[in-house]
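Visitor: Mind looking at a prediction? Sequence and model below.
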Amino acid sequence: TADHRIKAAGNLNFPTLQVTGSAGDTEHISDRPHLQEGGWWGVGASVSVPIFTGFLIQSQVAEATARQRETQAVYLVAEQNVRLQVKDSYLEMVTLLEQVKVAQQQVLIGRESLSLASQRYKLGLSSIVEVTQSEVAVTAAETRLAETQYNTKIAEAHLRYAVGGS
């Protein structure tokens with residue numbers, strides 16, 4: 001559209017030709033109603049040559065060119081925003097997948113620590129406080145794992161949206 005506006009503004013530099021024509025019949029106004037006197041016709045033409053327009057045409061071309069550049073800039077910004085959104089979503093997804101692996105390891109370590117604390121408690125080598133603290137640590141690790149998995153699903157949806165999926 002912007003290219004067409006520039007071309008249309010540039011075409012105003014060329015001469016224009018306008019042609020007008022008409023034709024018809026006349027009836028005689030008398031007591032003989034269907035008597036025709038004859039047909040008539042007329043043709044007119046005008047040529048307009050832009051000799052000096054006060055730089056109007058040049059200004060219109062410059063304005064159309066500026067609007068084209070503005071439209072291109074808006075397009076480039078939108079394109080860059082989409083690319084940035086895709087990159088951000090991808091990197092967030094990769095980061096969260098690594099965090100899921102870490103959270104899974106923390107859960108395994110927490111369960112192992114709870115098992116050891118329980119065995120030490122059964123043997124009388126530690127107090128119930130250590131067992132309770134290990135249970136709290138396992139619960140916290142499982143909660144972080146669940147949150148990270150949830151955030152990964154959200155990041156996956158964002159990535160699908162960013163690349164145009166559903």
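Guide: Structure received. Only a predicted model underlies this, so the values are computations on that prediction, with no experimental measurement involved. Residues are numbered from 1 along each chain as shown.

Visitor: Tell me the helices and strands packed up against the helix or strand harbouring residue 119.
Guide: Per DSSP states H and E: residue 119 is located in helix 56-122. Other helices and strands packing on helix 56-122, by 3 or more C-beta pairs under 8 Å, 6 or more residues apart in numbering; DSSP states H and E, are helix 2-11, helix 128-162. All C-beta spots, glycine's among them, are computed from the backbone N, C-alpha and C.

Visitor: Just the C-alphas of the least confident helix or strand in the chain by mean pLDDT, formatted as CSV.
Guide: Ranked by mean pLDDT, DSSP states H and E, the weakest helix or strand in the chain is strand 36-48, scoring a mean of 79. Included here for strand 36-48 are C-alpha records, laid out as CSV according to Å, rounded to 0.1, in the frame of the first residue of the first chain:
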residue,chain,number,x,y,z
GLN,A,36,-38.4,16.2,-33.3
GLU,A,37,-36.1,18.9,-34.4
GLY,A,38,-32.9,16.9,-34.3
GLY,A,39,-30.3,15.6,-32.1
TRP,A,40,-27.5,17.5,-30.4
TRP,A,41,-24.2,16.6,-28.9
GLY,A,42,-21.3,18.2,-27.2
VAL,A,43,-17.7,17.2,-26.3
GLY,A,44,-15.3,18.9,-24.1
ALA,A,45,-11.7,18.2,-23.1
SER,A,46,-9.2,19.7,-20.8
VAL,A,47,-5.5,19.1,-20.2
SER,A,48,-3.9,19.9,-16.9
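
Visitor: Just give the strands next to that strand in its sheet, each with its orientation.
Guide: When pairs are called by DSSP bridges, strand 36-48 turns out to pair with strand 16-27 (antiparallel).

Visitor: For the strand it pairs with, output the C-alpha coordinates as CSV.
Guide: Output of strand 16-27 as CSV, limited to C-alpha atoms (Å, rounded to 0.1, in the frame of the first residue of the first chain):
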residue,chain,number,x,y,z
THR,A,16,-3.9,14.7,-16.9
LEU,A,17,-6.5,14.7,-19.7
GLN,A,18,-10.2,15.0,-18.9
VAL,A,19,-12.8,14.4,-21.6
THR,A,20,-16.5,15.1,-21.1
GLY,A,21,-19.3,14.4,-23.6
SER,A,22,-23.1,14.5,-23.9
ALA,A,23,-25.8,13.9,-26.5
GLY,A,24,-29.5,14.1,-26.7
ASP,A,25,-32.7,14.8,-28.7
THR,A,26,-35.1,17.8,-28.4
GLU,A,27,-38.8,17.9,-29.0
